[in-house]
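Fold the following for me, if possible:
(one chain, ligands or ions: 1)
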Amino acid sequence: MHTAVLAHGIGPGDEVITTPFTFIASANAAIFAGAKPVFVDIDERTYNMDPGRIEAAISPRTKAILPVHLFGNPCAMEAIMDIATEHGLAVIEDACQAHGATVGGRRVGSFGTGCFSFYPTKNITTAEGGIITTNDDQVADRARLIRSHGQRERYYHEMIGYNFRMTEIQAAIGLVQLGKLEQFNAARRAHAEYLTARLKGVVAPIATPGCEHVYHQYTIRVPDRRDALADHLREQGIGTMIYYPVPVHKQVAYQRLGYEDHLPVAERASREVLSLPVHPALTREELDHIVEGVNSR
Ligand SMILES: Cc1ncc(COP(=O)(O)O)c(C=O)c1O
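Residues are numbered from 1 along each chain as shown. Next up, the predicted model:
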(Lines give C-alpha, C1' and ligand atoms only; values in the text may rest on other atoms or scores of the structure.)
Protein backbone atom coordinates (compact mmCIF):
# COMPACT_ATOMS: atom_id res chain seq x y z
CA MET A 1 0.00 0.00 0.00
CA HIS A 2 2.95 2.25 0.66
CA THR A 3 4.17 1.43 -2.86
CA ALA A 4 0.73 2.07 -4.37
CA VAL A 5 0.44 5.51 -2.77
CA LEU A 6 3.96 6.45 -3.95
CA ALA A 7 3.30 5.02 -7.43
CA HIS A 8 0.41 7.48 -7.76
CA GLY A 9 2.86 10.33 -7.13
CA ILE A 10 1.27 11.19 -3.78
CA GLY A 11 3.58 12.99 -1.35
CA PRO A 12 3.98 15.76 1.21
CA GLY A 13 1.11 18.26 1.27
CA ASP A 14 -1.34 15.81 -0.32
CA GLU A 15 -4.40 14.30 1.31
CA VAL A 16 -5.85 10.81 0.99
CA ILE A 17 -9.45 10.16 2.01
CA THR A 18 -9.94 6.88 3.86
CA THR A 19 -11.88 5.12 6.60
CA PRO A 20 -11.10 5.16 10.32
CA PHE A 21 -12.58 1.68 10.81
CA THR A 22 -9.78 -0.52 9.52
CA PHE A 23 -6.38 -1.95 10.34
CA ILE A 24 -3.97 0.94 10.91
CA ALA A 25 -1.88 0.05 7.83
CA SER A 26 -4.57 1.45 5.48
CA ALA A 27 -4.06 5.00 6.74
CA ASN A 28 -0.34 4.61 7.44
CA ALA A 29 0.26 4.15 3.70
CA ALA A 30 -0.52 7.86 3.21
CA ILE A 31 1.68 8.84 6.17
CA PHE A 32 4.65 6.83 4.87
CA ALA A 33 4.46 8.90 1.66
CA GLY A 34 4.41 12.15 3.67
CA ALA A 35 0.71 12.72 2.90
CA LYS A 36 -2.21 13.14 5.33
CA PRO A 37 -4.99 10.59 5.79
CA VAL A 38 -8.38 12.33 6.04
CA PHE A 39 -11.02 10.15 7.66
CA VAL A 40 -14.68 9.92 6.68
CA ASP A 41 -17.13 8.04 8.84
CA ILE A 42 -18.55 4.65 7.89
CA ASP A 43 -21.93 3.24 6.93
CA GLU A 44 -23.25 1.55 10.08
CA ARG A 45 -24.61 -1.46 8.16
CA THR A 46 -21.56 -2.35 6.06
CA TYR A 47 -18.77 -0.88 8.27
CA ASN A 48 -17.26 0.48 5.03
CA MET A 49 -16.54 4.10 4.13
CA ASP A 50 -19.85 5.95 3.62
CA PRO A 51 -19.73 7.32 0.06
CA GLY A 52 -22.24 10.02 1.03
CA ARG A 53 -19.61 11.61 3.26
CA ILE A 54 -16.69 11.67 0.80
CA GLU A 55 -17.41 14.89 -1.10
CA ALA A 56 -17.47 17.00 2.08
CA ALA A 57 -13.93 15.75 2.84
CA ILE A 58 -12.45 16.71 -0.54
CA SER A 59 -10.09 19.70 -0.48
CA PRO A 60 -7.74 21.20 -3.09
CA ARG A 61 -5.04 18.95 -1.58
CA THR A 62 -6.96 15.68 -2.03
CA LYS A 63 -5.21 13.29 -4.41
CA ALA A 64 -6.84 9.95 -3.78
CA ILE A 65 -9.67 8.01 -2.19
CA LEU A 66 -8.53 4.87 -0.37
CA PRO A 67 -11.56 2.66 0.35
CA VAL A 68 -11.10 -0.52 2.41
CA HIS A 69 -13.22 -3.58 1.57
CA LEU A 70 -13.49 -4.44 5.24
CA PHE A 71 -14.08 -8.04 6.36
CA GLY A 72 -14.34 -9.08 2.68
CA ASN A 73 -17.44 -6.97 1.99
CA PRO A 74 -16.92 -4.75 -1.06
CA CYS A 75 -17.30 -0.98 -0.78
CA ALA A 76 -19.83 0.99 -2.83
CA MET A 77 -17.38 1.16 -5.74
CA GLU A 78 -19.77 2.61 -8.31
CA ALA A 79 -20.46 5.67 -6.14
CA ILE A 80 -16.79 5.98 -5.16
CA MET A 81 -15.58 5.78 -8.78
CA ASP A 82 -18.13 8.42 -9.83
CA ILE A 83 -16.88 10.83 -7.15
CA ALA A 84 -13.24 10.11 -8.04
CA THR A 85 -13.85 10.70 -11.75
CA GLU A 86 -15.74 13.92 -11.12
CA HIS A 87 -12.96 15.32 -8.93
CA GLY A 88 -9.99 13.84 -10.82
CA LEU A 89 -8.86 11.67 -7.91
CA ALA A 90 -6.97 8.37 -7.91
CA VAL A 91 -8.59 5.36 -6.24
CA ILE A 92 -6.42 2.96 -4.26
CA GLU A 93 -8.45 -0.01 -3.05
CA ASP A 94 -7.37 -1.73 0.15
CA ALA A 95 -8.49 -5.22 -0.84
CA CYS A 96 -6.26 -6.84 1.80
CA GLN A 97 -9.28 -8.68 3.28
CA ALA A 98 -11.29 -9.17 0.10
CA HIS A 99 -9.52 -11.50 -2.32
CA GLY A 100 -12.03 -12.51 -4.98
CA ALA A 101 -14.93 -10.34 -3.76
CA THR A 102 -17.02 -8.76 -6.53
CA VAL A 103 -19.17 -5.70 -7.17
CA GLY A 104 -21.62 -6.11 -10.05
CA GLY A 105 -19.63 -9.18 -11.17
CA ARG A 106 -16.35 -7.24 -11.19
CA ARG A 107 -13.50 -8.13 -8.83
CA VAL A 108 -12.37 -5.69 -6.19
CA GLY A 109 -8.90 -4.42 -6.95
CA SER A 110 -9.85 -3.85 -10.60
CA PHE A 111 -11.66 -0.53 -10.13
CA GLY A 112 -8.64 1.47 -9.01
CA THR A 113 -5.17 0.34 -7.98
CA GLY A 114 -5.72 -2.77 -5.84
CA CYS A 115 -3.68 -3.82 -2.79
CA PHE A 116 -3.89 -7.39 -1.48
CA SER A 117 -2.23 -8.72 1.68
CA PHE A 118 -1.15 -12.33 1.94
CA TYR A 119 -0.57 -12.30 5.71
CA PRO A 120 -1.32 -15.78 7.19
CA THR A 121 -4.84 -14.96 8.39
CA LYS A 122 -5.97 -13.69 4.99
CA ASN A 123 -8.24 -15.65 2.61
CA ILE A 124 -5.06 -16.78 0.85
CA THR A 125 -1.50 -16.43 2.10
CA THR A 126 2.14 -16.35 1.09
CA ALA A 127 3.13 -16.29 4.80
CA GLU A 128 3.92 -12.55 4.46
CA GLY A 129 3.76 -10.09 1.60
CA GLY A 130 1.19 -8.93 -0.88
CA ILE A 131 0.56 -7.66 -4.39
CA ILE A 132 -0.66 -4.60 -6.25
CA THR A 133 -3.04 -4.87 -9.20
CA THR A 134 -3.36 -2.11 -11.79
CA ASN A 135 -4.31 -1.56 -15.42
CA ASP A 136 -2.33 1.68 -15.49
CA ASP A 137 1.07 1.18 -17.16
CA GLN A 138 2.56 4.24 -15.50
CA VAL A 139 1.50 3.09 -12.01
CA ALA A 140 2.84 -0.41 -12.75
CA ASP A 141 6.16 0.98 -13.96
CA ARG A 142 6.60 3.22 -10.90
CA ALA A 143 5.56 0.40 -8.55
CA ARG A 144 8.18 -1.90 -10.09
CA LEU A 145 10.85 0.75 -9.57
CA ILE A 146 9.79 1.51 -5.98
CA ARG A 147 9.81 -2.16 -4.93
CA SER A 148 13.38 -2.73 -6.12
CA HIS A 149 15.56 0.21 -5.07
CA GLY A 150 14.41 2.46 -7.90
CA GLN A 151 16.37 0.51 -10.50
CA ARG A 152 15.12 -0.44 -13.94
CA GLU A 153 18.48 -1.86 -14.86
CA ARG A 154 20.77 -3.28 -12.21
CA TYR A 155 22.81 -0.57 -10.44
CA TYR A 156 21.21 2.28 -12.41
CA HIS A 157 18.84 4.01 -9.99
CA GLU A 158 16.18 6.34 -11.40
CA MET A 159 14.60 7.12 -8.07
CA ILE A 160 14.92 6.39 -4.36
CA GLY A 161 13.19 3.06 -3.87
CA TYR A 162 12.92 0.26 -1.33
CA ASN A 163 13.36 -3.47 -1.13
CA PHE A 164 9.67 -4.48 -1.19
CA ARG A 165 10.21 -7.56 -3.34
CA MET A 166 8.27 -10.77 -2.82
CA THR A 167 10.52 -13.82 -2.78
CA GLU A 168 10.13 -16.60 -5.36
CA ILE A 169 9.36 -19.02 -2.52
CA GLN A 170 6.46 -16.84 -1.35
CA ALA A 171 5.21 -16.46 -4.93
CA ALA A 172 5.26 -20.25 -5.39
CA ILE A 173 3.13 -20.67 -2.25
CA GLY A 174 0.83 -17.90 -3.49
CA LEU A 175 0.23 -19.54 -6.86
CA VAL A 176 -0.90 -22.77 -5.20
CA GLN A 177 -3.05 -20.80 -2.75
CA LEU A 178 -4.61 -18.84 -5.62
CA GLY A 179 -5.82 -22.11 -7.13
CA LYS A 180 -7.73 -22.76 -3.88
CA LEU A 181 -9.22 -19.29 -3.47
CA GLU A 182 -12.64 -20.03 -4.95
CA GLN A 183 -13.03 -23.15 -2.82
CA PHE A 184 -11.90 -21.31 0.34
CA ASN A 185 -14.28 -18.41 -0.37
CA ALA A 186 -17.19 -20.77 -1.11
CA ALA A 187 -16.63 -22.48 2.27
CA ARG A 188 -16.45 -19.13 4.07
CA ARG A 189 -19.67 -18.00 2.36
CA ALA A 190 -21.48 -21.25 3.22
CA HIS A 191 -20.37 -20.96 6.86
CA ALA A 192 -21.51 -17.33 7.00
CA GLU A 193 -24.92 -18.24 5.55
CA TYR A 194 -25.27 -21.11 8.06
CA LEU A 195 -24.53 -18.80 10.99
CA THR A 196 -26.75 -15.96 9.74
CA ALA A 197 -29.71 -18.33 9.37
CA ARG A 198 -29.41 -19.48 13.00
CA LEU A 199 -27.96 -16.73 15.22
CA LYS A 200 -30.45 -14.91 17.44
CA GLY A 201 -30.33 -11.59 19.30
CA VAL A 202 -27.35 -10.18 17.39
CA VAL A 203 -27.01 -8.20 14.15
CA ALA A 204 -25.57 -10.45 11.43
CA PRO A 205 -23.27 -9.06 8.72
CA ILE A 206 -25.03 -7.96 5.55
CA ALA A 207 -23.95 -8.79 2.04
CA THR A 208 -24.67 -5.74 -0.11
CA PRO A 209 -27.05 -6.69 -2.96
CA GLY A 210 -25.14 -7.16 -6.23
CA CYS A 211 -21.89 -7.79 -4.34
CA GLU A 212 -20.13 -11.00 -3.45
CA HIS A 213 -18.87 -10.92 0.15
CA VAL A 214 -15.91 -13.25 0.85
CA TYR A 215 -16.23 -13.20 4.65
CA HIS A 216 -12.64 -12.68 5.64
CA GLN A 217 -14.38 -12.03 8.94
CA TYR A 218 -17.89 -12.89 10.09
CA THR A 219 -18.58 -9.86 12.20
CA ILE A 220 -21.72 -9.52 14.26
CA ARG A 221 -22.93 -6.46 16.09
CA VAL A 222 -23.82 -6.81 19.75
CA PRO A 223 -25.21 -3.49 20.98
CA ASP A 224 -25.85 -4.90 24.44
CA ARG A 225 -22.94 -6.32 26.51
CA ARG A 226 -20.62 -7.33 23.67
CA ASP A 227 -17.72 -8.14 26.01
CA ALA A 228 -19.92 -10.40 28.17
CA LEU A 229 -20.82 -12.40 25.06
CA ALA A 230 -17.13 -12.70 24.15
CA ASP A 231 -16.41 -14.00 27.69
CA HIS A 232 -19.35 -16.42 27.50
CA LEU A 233 -18.04 -17.81 24.18
CA ARG A 234 -14.46 -18.06 25.46
CA GLU A 235 -15.67 -20.21 28.38
CA GLN A 236 -17.01 -22.65 25.79
CA GLY A 237 -13.79 -22.73 23.83
CA ILE A 238 -15.01 -20.43 21.05
CA GLY A 239 -12.44 -17.85 20.04
CA THR A 240 -13.62 -14.38 19.05
CA MET A 241 -11.82 -11.17 18.14
CA ILE A 242 -12.69 -7.51 18.01
CA TYR A 243 -11.77 -5.95 14.68
CA TYR A 244 -11.13 -3.17 15.63
CA PRO A 245 -11.33 -2.07 19.29
CA VAL A 246 -9.96 1.42 18.55
CA PRO A 247 -10.64 3.26 15.27
CA VAL A 248 -7.50 4.58 13.58
CA HIS A 249 -8.11 8.28 14.40
CA LYS A 250 -8.32 7.35 18.12
CA GLN A 251 -5.10 5.32 18.18
CA VAL A 252 -2.36 6.80 20.38
CA ALA A 253 -0.13 7.05 17.31
CA TYR A 254 -2.71 9.25 15.57
CA GLN A 255 -3.52 11.29 18.67
CA ARG A 256 0.17 12.13 18.73
CA LEU A 257 -0.18 13.39 15.18
CA GLY A 258 -2.91 15.75 16.38
CA TYR A 259 -6.03 13.97 15.10
CA GLU A 260 -9.15 15.26 16.84
CA ASP A 261 -11.91 13.86 14.61
CA HIS A 262 -15.14 12.66 16.15
CA LEU A 263 -16.50 9.90 13.93
CA PRO A 264 -19.42 8.52 15.92
CA VAL A 265 -20.47 5.66 13.65
CA ALA A 266 -16.97 4.14 13.63
CA GLU A 267 -16.52 4.75 17.34
CA ARG A 268 -19.80 3.01 18.15
CA ALA A 269 -18.94 0.10 15.86
CA SER A 270 -15.66 -0.43 17.70
CA ARG A 271 -17.65 -0.87 20.93
CA GLU A 272 -20.23 -3.25 19.45
CA VAL A 273 -18.58 -5.54 16.87
CA LEU A 274 -17.46 -9.10 17.51
CA SER A 275 -15.97 -11.47 14.93
CA LEU A 276 -16.83 -15.17 15.14
CA PRO A 277 -14.91 -18.04 13.51
CA VAL A 278 -15.75 -18.45 9.80
CA HIS A 279 -12.58 -20.04 8.37
CA PRO A 280 -12.90 -22.73 5.68
CA ALA A 281 -11.90 -25.66 7.94
CA LEU A 282 -14.86 -25.31 10.34
CA THR A 283 -17.00 -28.43 10.69
CA ARG A 284 -20.81 -28.58 10.97
CA GLU A 285 -20.41 -29.53 14.68
CA GLU A 286 -18.19 -26.52 15.30
CA LEU A 287 -20.65 -24.22 13.56
CA ASP A 288 -23.49 -25.62 15.68
CA HIS A 289 -21.36 -25.11 18.80
CA ILE A 290 -20.89 -21.43 17.84
CA VAL A 291 -24.64 -21.03 17.22
CA GLU A 292 -25.47 -22.62 20.59
CA GLY A 293 -22.87 -20.45 22.30
CA VAL A 294 -24.29 -17.21 20.91
CA ASN A 295 -27.94 -18.17 21.34
CA SER A 296 -27.48 -19.37 24.94
CA ARG A 297 -26.12 -16.18 26.41
C1 LIG B 1 -7.42 -3.85 5.79
C2 LIG B 1 -5.95 -4.15 5.88
N3 LIG B 1 -5.09 -3.30 5.29
C4 LIG B 1 -3.77 -3.53 5.32
C5 LIG B 1 -3.24 -4.65 5.95
C6 LIG B 1 -1.77 -4.81 5.98
O7 LIG B 1 -1.34 -5.93 5.35
P8 LIG B 1 0.09 -6.60 5.75
O9 LIG B 1 -0.09 -7.18 7.10
O10 LIG B 1 0.29 -7.61 4.68
O11 LIG B 1 1.07 -5.49 5.72
C12 LIG B 1 -4.09 -5.55 6.56
C13 LIG B 1 -3.67 -6.79 7.24
O14 LIG B 1 -2.75 -7.06 7.83
C15 LIG B 1 -5.48 -5.29 6.53
O16 LIG B 1 -6.35 -6.12 7.13
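
Show the backbone phi and psi for Thr102.
phi -130, psi 150 (degrees, to the nearest 10).

ok, now which ones touch the closest residue to it other than its chain neighbours?
What sits nearest to Thr102 in space, not counting adjacent residues and going by CB to CB, 6 or more residues apart in numbering, is Glu212, at 4.2 Å. For every residue, glycine as well, the C-beta is placed using N, CA and C. Residues counted as contacts of Glu212 (CB atoms under 8 Å, 6 or more residues apart in numbering) are 74, 100-102, 189.

would you turn the residues you listed into a markdown table with pLDDT and neighbour count?
Shown next, in a markdown table, are the contacts of Glu212 (pLDDT from 0 to 100; neighbours: other CB atoms under 10 Å):
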| residue | pLDDT | neighbour count |
| --- | --- | --- |
| Pro74 | 98 | 29 |
| Gly100 | 98 | 21 |
| Ala101 | 98 | 26 |
| Thr102 | 98 | 17 |
| Arg189 | 98 | 18 |
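
Now these in CSV, please, with extra columns for distance to the ligand and secondary structure.
Below are the contacts of Glu212 laid out as CSV (distance: CB to the nearest ligand atom, whole Å; DSSP: H, G, I helix; E, B strand; the rest coil):
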residue, distance to the ligand, secondary structure
Pro74, 13, coil
Gly100, 15, coil
Ala101, 13, coil
Thr102, 18, strand
Arg189, 19, helix
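
and of those, the nearest to Arg234?
Arg189 (26.0 Å; CB to CB).

Give me the phi and psi angles of the closest residue to that closest one other than its chain neighbours.
Leaving out its chain neighbours, the residue that sits closest to Arg189 by CB to CB, 6+ apart is Tyr215, at 6.0 Å. Main-chain torsions, Tyr215, degrees, to the nearest 10: phi 40, psi 50.

same question, the one 4 residues further on
As for Thr219, its main-chain torsions (degrees, to the nearest 10) stand at phi -110, psi 120.

beta partners for it?
Beta bridges link Thr219 to Ser275, judged by DSSP bridges.

before we move on, back to that, and the residue nearest to Thr102, how close does it get to Ala143?
27 Å (CB to CB, to the nearest Å).

ok, back up a step: just give me the neighbour total for the residue nearest to Arg189.
27 (other CB atoms under 10 Å).

what pLDDT does it get?
If you check Tyr215, the pLDDT there is 98.

what comes into contact with stretch 43-56?
For stretch 43-56, the external contacting residues (CB under 8 Å, 6+ apart) are 17-19, 21, 40-42, 65, 67-71, 73-76, 79-80, 83, 87, 206, 208, 219, 265, 268-269, 273.

follow-up on the earlier one: could you pull up the residues touching the residue nearest to Arg189?
Residues near Tyr215 by CB under 8 Å, 6+ apart: 71-72, 185, 188-189, 191-192, 205, 278.

Highest neighbour count among these?
Neighbour max across the contacts of Tyr215 (other CB under 10 Å) = Gly72, 29 neighbours.

thought that one was touching Lys122?
No. Taking contacts as CB atoms under 8 Å, Gly72 lies outside contact range of Lys122: 9.7 Å.

Can you check which residues contact both of these two?
97, 216.

returning to what we had before: for the residue nearest to Arg189, give its distance to Val68.
Tyr215 is 15 Å from Val68, by CB to CB.

if we can go back for a sec, among the contacts of stretch 43-56, which ones are buried?
Using 16 or more other CB atoms under 10 Å as the burial test, the contacts of stretch 43-56 include 17-19, 21, 40-42, 65, 67-71, 73-76, 80, 83, 208, 219, 265, 269, 273 as buried.

Can you report how many residues lie near Ala35?
Burial measure for Ala35: 23 neighbouring residues, criterion other CB under 10 Å.

got a list of what it touches?
Ala35 sits next to 5, 10-16, 63 when contact means CB under 8 Å, 6+ apart.

ok, the nearest residue to Lys36 once chain neighbours are set aside to Arg147 distance?
Excluding the flanking residues, the one nearest Lys36 by CB to CB, 6+ apart is Glu15, at 5.0 Å. Between Glu15 and Arg147 the computed distance is 24 Å (CB to CB).

and what of Arg234?
Applying CB to CB to Arg234 and Arg147 gives a distance of 41 Å.
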